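Novice: sequence first, then the predicted structure, then my questions.
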Amino acid sequence: MSKIYSVEEKVLQHIEAGVNILQIISYETQRIYGIVNEAAKKLKRDWYAWNRIEGLKKWNRENRSFDTADDEQRDPAFVLDFFIQHEGSVIIILENFHPDLREDQVQTIQRLRNIALMGADSHRKTLILTQPFYCLPKDLEKEVQVIELPLPSLEDLKVIFEQACEFYDLEDKRIQCTNRLLKAALGLTIMEARIAFSKAIVAARQLTEEEIPFIVAEKENIIRKSGFLEYYDPQESLADVGGLEILKEWLERRALAFGEGAQEYGLENPKGVLLLGLPGTGKSLSAKAIAQAWKFPLLKLDMGKIFGGIVGESERNIRAALLVAEAIAPCVLWIDEIEKGMSGLQSSGASDGGTTSRVLGTFLTWMQEKTKPVFVVATANNISQLPPELLRKGRVDEIFFVDLPGMQAREEILKIHIQKKKRDPKKFGIRRLASISQGFSGAELEAALKDALYQSFYRGEEPSTEDIAQAIEKTYPLSRTMSEMITSLRQWAKTRAVYASTEEAEELVVKDKKIPKLPQEYSNPFIRD
């Protein structure tokens, strides 16, 4: 097994190997300073930092601070010439240099290319470009090495925790630095973690495990600001999912692989599952229940929001989302209706310049190579829009087909929803209701129960079996309007997926000779029933 190197080790290796230009992608300048300082100490080199406001400043090891910079050194051309002409061993950080990497900055790009192609004498000099996102002109793509700085680890967060406590001069008895508290801040940048810790201290005048809900709420707001990730605190459990016995048993076995001794035994972290089936059959509910059962945070990724209008933005978005998921790991990453985010893949090269293909490629490569315990739960309603690459073994551990609930599953679902409405299922004719609701999905059964409650509340009475039965009779389930699609799905799943339930599929009941359809359900408008 190949060794997994830390980002500090990677930076040191690149510098020792004589890489002339290195690009580090991160928002966190302070962490980059720390990494470069450690590398410079080991290699016995001086190091500088440059930005447009302060100019070029040298790190003074004795004073543990930067020497005063010269305002006249703010010009990018100056700092590049300074690097080229410097005769000693040196590392220079160029902060947020990406505005000077535009294609029209011909002279700057040529200077950088000259630096990248300098001979063996330059191996004692390293130029580091730091910026919050990947940005390189094509002229430099082959010459510049790129490292993406992961989000802070528990060790990094502990440093910020201690700094916040020291800044507010908290007494020892008001401080409780535990792994559980630090894990609550995973997924935040150094600055975001500092703000979360500081706000908790200001609000409670202490920083202990009691402040974890405060930090989690702050993290939810920060992650939500990204626009394509949502942080969930699921309340649903696997007991709230009716039927799907095979899926539940599979999840119970996979949960053990995240425990102690699993890796020593030779097991890898489970990658995830793909749940296929009709809307309302419990796929999304299962994703929430998995997170709750395993006590993992739940992140929902909106693939539709990943795509941006600026060139390269979509790829940056998907990478940023996956970095957050890895930082919070172990966690569950839920991608609802993944086929909608991948629609248009076949024509991607002509319609969007290949953006969809590149986003899918980034995601699939991550799924294949990831080592962090991020369990992906992807749901899909329409298999015809799914890329075949996603269906290959190795991307996910298993593909489950979630069919319409059978008789036994419908009984379970009705009991669950009646209990949620604070009624006793024993007071209702559950078997009769399950019998007359053949072809109903779990969501449709819940909707029928809600309708019955509205009717009985209007009369000022308690709901009865007859109320629910009438609501069921009035409901026209999707199974009657989409029977052809369900039949096609079942045929596909027989050889390519695992059935999530032990019950055999029931025949679709068609009560009407002519079934009303939505316009989009006709594959050919010139063929009529």
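Specialist: Looks like it arrived, so ask away. Residues are numbered from 1 along each chain as shown.
Novice: the stretch 201-350 of the chain: helices as residue ranges?
Specialist: With DSSP state H, counting those that start in this stretch as the criterion, the stretch 201-350 of the chain has helices at 212-225, 245-255, 262-265, 283-294, 303-306, 313-328, 338-341, 348-351.
Novice: and the first one with helix 313-328, angle?
Specialist: Same thing as helix 212-225. Between helix 212-225 and helix 313-328, the angle comes out at 170 degrees (axes from the mean of the first three to the mean of the last three Cα atoms, to 10 degrees).
Novice: domains in the protein, by residue range?
Specialist: For the chain, the structural domains run 7-148, 154-225, 238-259+266-402, 417-480, going by automatic domain parsing.
Novice: nearest to residue 491, of the ones you listed?
Specialist: With Cβ to Cβ, the closest approach to residue 491 among these belongs to domain 238-259+266-402: 10.7 Å. Every C-beta, even on glycine, is put in place using the N, C-alpha and C of the backbone.
Novice: which residue is the nearest non-sequential neighbour of residue 60?
Specialist: Nearest residue to residue 60 in three dimensions, chain neighbours excluded: residue 67, at 5.3 Å (Cβ to Cβ, 6 or more residues apart in numbering).
Novice: list the contacts for the one you found?
Specialist: Applying Cβ atoms under 8 Å, 6 or more residues apart in numbering to residue 67 gives the contacts 57, 58, 59, 60.
Novice: shouldn't the third one be within a strand?
Specialist: Yes - according to DSSP: H, G, I helix; E, B strand; the rest coil, the state of residue 59 is that of a strand.
Novice: from residue 48, how far off is it?
Specialist: To residue 48, residue 59 is 7 Å away according to Cβ to Cβ, to the nearest Å.
Novice: which of these two has more residues huddled nearby?
Specialist: residue 48 (23 against 19; other Cβ atoms under 10 Å).
Novice: tell me which element that one falls in.
Specialist: For residue 48, the host element (DSSP states H and E) is strand 46-51.
Novice: how about that strand as PDB, C-alpha atoms only?
Specialist: What follows is strand 46-51, C-alpha atoms only, in PDB (Å, rounded to 0.1, in the frame of the first residue of the first chain):
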ATOM      1  CA  ASP A  46      15.100  32.500   3.800                       C
ATOM      2  CA  TRP A  47      11.500  33.100   2.800                       C
ATOM      3  CA  TYR A  48       9.500  36.100   1.800                       C
ATOM      4  CA  ALA A  49       5.800  37.000   1.300                       C
ATOM      5  CA  TRP A  50       4.500  39.500  -1.200                       C
ATOM      6  CA  ASN A  51       1.100  41.100  -1.900                       C
END
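Novice: ok, and for it, which residues are buried?
Specialist: Neighbour counts over strand 46-51 (16 or more other Cβ atoms under 10 Å) mark 47, 48, 49, 50, 51 as buried.
Novice: excluding chain neighbours, what is closest to the second one?
Specialist: This points to residue 48. Spatial nearest neighbour of residue 48, excluding adjacent residues (Cβ to Cβ, 6+ apart): residue 92 at 4.7 Å.
Novice: likewise for residue 286?
Specialist: With Cβ to Cβ, 6+ apart, the residue lying closest to residue 286 is residue 241, at 5.7 Å.
Novice: how about low-confidence regions in this structure?
Specialist: By pLDDT under 70, the weakly predicted segments of the chain are 1-4, 69-71, 119-123, 308-312, 343-353, 509-529.
Novice: residue 297 contacts residue 291, doesn't it?
Specialist: Yes - assessed by Cβ atoms under 8 Å, residue 297 is found in contact with residue 291 at 7.0 Å.
Novice: which neighbours do those two share?
Specialist: Shared contacts of residue 297 and residue 291, defined by Cβ under 8 Å, 6+ apart, comprise 232, 331, 332.
Novice: just the strands in the stretch 351-500 of the chain please.
Specialist: Listed in chain order, the strands of the stretch 351-500 of the chain (DSSP state E, counting those that start in this stretch) span 374-380, 398-402, 498-499.
Novice: so who does the closest residue to residue 358 other than its chain neighbours touch?
Specialist: Computed as Cβ to Cβ, 6+ apart, the closest residue to residue 358 that is not its neighbour in sequence is residue 315, at 5.6 Å. Residues counted as contacts of residue 315 (Cβ under 8 Å, 6+ apart) are 134, 355, 358, 359, 362.
Novice: contacts for the longest helix seen in the chain next, please.
Specialist: When the chain is parsed with DSSP state H, its longest helix is helix 442-459. In this structure, residues lying in contact with helix 442-459 by Cβ under 8 Å, 6+ apart are 242, 279-282, 285, 405, 410, 413-414, 417-418, 421, 437, 440, 462-464, 467-468, 470-472, 474-475, 477-478.
Novice: swap in stretch 333-345?
Specialist: For stretch 333-345, using Cβ under 8 Å, 6+ apart, the contacting residues are 232, 272, 274, 284, 287-288, 291, 298-304, 306-307, 325, 351-352, 356-357, 360, 374-383, 385-387, 390.
Novice: how far out from the middle of the chain is that stretch?
Specialist: With Cα atoms, centre = their mean, to the nearest Å as the basis, stretch 333-345 stands 13 Å off its chain's centre.
Novice: look up how far residue 140 lies from residue 114.
Specialist: Counting by Cβ to Cβ, the gap from residue 114 to residue 140 is 11 Å.
Novice: whoops, residue 217 was the one
Specialist: Following Cβ to Cβ, the distance that separates residue 217 from residue 140 is 42 Å.
Novice: hmm, back to that, in TSV: the domains of the chain, plus distance to residue 488.
Specialist: Below are the domains of the chain laid out as TSV (distance: least, Cβ to Cβ, whole Å):
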stretch	distance to residue 488
domain 7-148	42
domain 154-225	38
domain 238-259+266-402	9
domain 417-480	13
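Novice: to residue 493, which of these lies closest?
Specialist: Residue 493 lies closest, by Cβ to Cβ, to one member of the domains of the chain: domain 238-259+266-402, at 3.6 Å.
Novice: select only the buried ones of the contacts of stretch 333-345 in ChimeraX?
Specialist: To isolate the buried ones among the contacts of stretch 333-345 in ChimeraX, judged by 16+ other Cβ under 10 Å, type:
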select :232,272,274,284,287,288,291,298,299,300,301,302,303,306,307,325,352,356,357,360,374,375,376,377,378,379,380,381,383,385,386,387,390
